[in-house]
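[1] Generate coordinates for the sequence data below:
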Amino acid sequence: SRNIRTLERMQNQLTTGRRISKPSEDPTGMVESLRLASRLRENAQFQDNVQDALGWLNTTDDALDSLTSALQRVYELTVQGANDPLDTDERMAICAEVKQIKEEIGVIANTTHGDRYIFGGTNTTEKPYVEGAWQHNATSIQYEIGVGVEIPINLTAEEVFVEPGVFETLQNIVDHLETNDAQALSEDDIGTIQAVIDEVLASRAKVGASVNRLEMTKARLEEQEINFSNLQAEVDGVDPAWVIMQLKEQESVYRASLAVGARVIMPTLVDFIR
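    Sure thing, here's the model as predicted:
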């Protein structure tokens, strides 16, 4: 009956929190509700992408921070090594520390975010730096953070290590320390290692700019999610208190109709028995 259908519809609204359960109830409202639901799913995916991108970039920033500290220590050691009064043994001690730092920088080159190598380009499953050799590509990883909007989230080994000549510079310093060549250390290596540090700092600034952009995008997406949710609630949402009140009224009407029906039927049965 009509009363039963109304009760079922209200009970469904109370259970699902939605006003429209099938297109026939409100065709226009259903279309709009589905559109908003699609936008919310899309927004959720963009937010996931932004969150993962931020994690990747924060890992990159930490790696670049460690790389900068290591290179600055090499700079200090190079300045010490360029000091003429040092003897061979003193320069060899400095050389040993530079070699250790070079090995540590090799570890930094293989930094991972989760189980993905961050400096390997799109080849995130293999170490980009193995035994002094590179196995990487220079392709950036793009994340979609909005409709038609993509952002590169990685720096490649090409940008951070190869083009600045990080390992070549370190090896030159080692060679000049081992050959006790104070002149080369003073005239060449000090300037070169400083230039490498400057390039790494520039890479770190690039990461910082990307983080700032993603933070702004995150805030915008969160605001959009609230707006879409509010719009969907206006189109398809229900007020539980109002539905409960209406449900009680319909239940009362339904019970009354049953009572009236019973009173009508009973005399008929009695008459039949007579």
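
[2] Count the neighbours of the closest residue in space to Gly165 that isn't next to it in sequence for me.
    Residue nearest to Gly165 in three dimensions, not counting chain neighbours: Val196, with 6.6 Å by C-beta to C-beta, 6 or more residues apart in numbering. Placement of C-beta: from N, CA and C, glycine included. Around Val196 there are 23 other residues, counting by other C-beta atoms under 10 Å.

[3] for the one 5 residues further on, same thing?
    Number of residues near Leu201 (other C-beta under 10 Å) recorded here: 14.

[4] picking that back up, would you check that the residue nearest to Gly165 makes contact with Val166?
    Yes. Shown here, Val196 and Val166 form a contact pair, counting by C-beta atoms under 8 Å, at 5.8 Å.

[5] tell me the pLDDT at the residue most central in space within the chain?
    Using C-alpha atoms, centre = their mean, the residue of the chain that lies closest to the mean C-alpha position is Asp52, 1.8 Å off. The model reports Asp52 with a pLDDT of 97.

[6] counting contacts, what elements does the helix or strand harbouring Ile108 pack onto?
    Assigned by DSSP states H and E, Ile108 belongs to helix 88-109. The contact analysis (3 or more C-beta pairs under 8 Å, 6 or more residues apart in numbering; DSSP states H and E) places helix 88-109 against helix 27-81, helix 166-178.

[7] Run me through the strand neighbours of the helix or strand just after it, direction for each.
    Next in sequence after helix 88-109, counting helices and strands by DSSP H and E, comes strand 112-113. Here strand 112-113 has these sheet partners by DSSP bridges: strand 116-117 (antiparallel).

[8] Outside of the strand it pairs with itself, which residues are in contact with it?
    Contacts with strand 116-117, where a contact means C-beta atoms under 8 Å, 6 or more residues apart in numbering, come from 110-111, 123-128.

[9] pLDDT averaged over the helix or strand following it - what is it?
    Of the helices and strands lying after strand 116-117 in sequence (DSSP H and E), the nearest is strand 129-130. Strand 129-130 shows a mean pLDDT of 93.

[10] and if you look at stretch 96-110?
    97.

[11] Using CSV, write down the CA coordinates of that stretch.
    Provided in CSV are the C-alpha atoms of stretch 96-110 (Å, rounded to 0.1, in the frame of the first residue of the first chain):
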residue,chain,number,x,y,z
ALA,A,96,90.5,8.9,4.7
GLU,A,97,87.6,11.0,6.1
VAL,A,98,86.8,12.3,2.6
LYS,A,99,86.6,8.7,1.3
GLN,A,100,84.2,7.8,4.1
ILE,A,101,82.0,10.8,3.3
LYS,A,102,82.1,9.8,-0.4
GLU,A,103,80.8,6.3,0.6
GLU,A,104,78.0,7.9,2.8
ILE,A,105,77.0,10.1,-0.2
GLY,A,106,76.6,6.9,-2.2
VAL,A,107,74.1,5.7,0.4
ILE,A,108,72.3,9.1,0.2
ALA,A,109,72.1,8.6,-3.6
ASN,A,110,70.1,5.4,-2.9
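
[12] Flag every buried residue along it.
    98-99, 101-102, 105-106, 108-110 (16 or more other C-beta atoms under 10 Å).

[13] Is the closest residue to the residue nearest to the centre of the chain other than its chain neighbours part of a helix or strand, or is it coil?
    Leaving out its chain neighbours, the residue that sits closest to Asp52 by C-beta to C-beta, 6+ apart is Tyr143, at 7.2 Å. Under DSSP: H, G, I helix; E, B strand; the rest coil, the three-state class of Tyr143 is strand.
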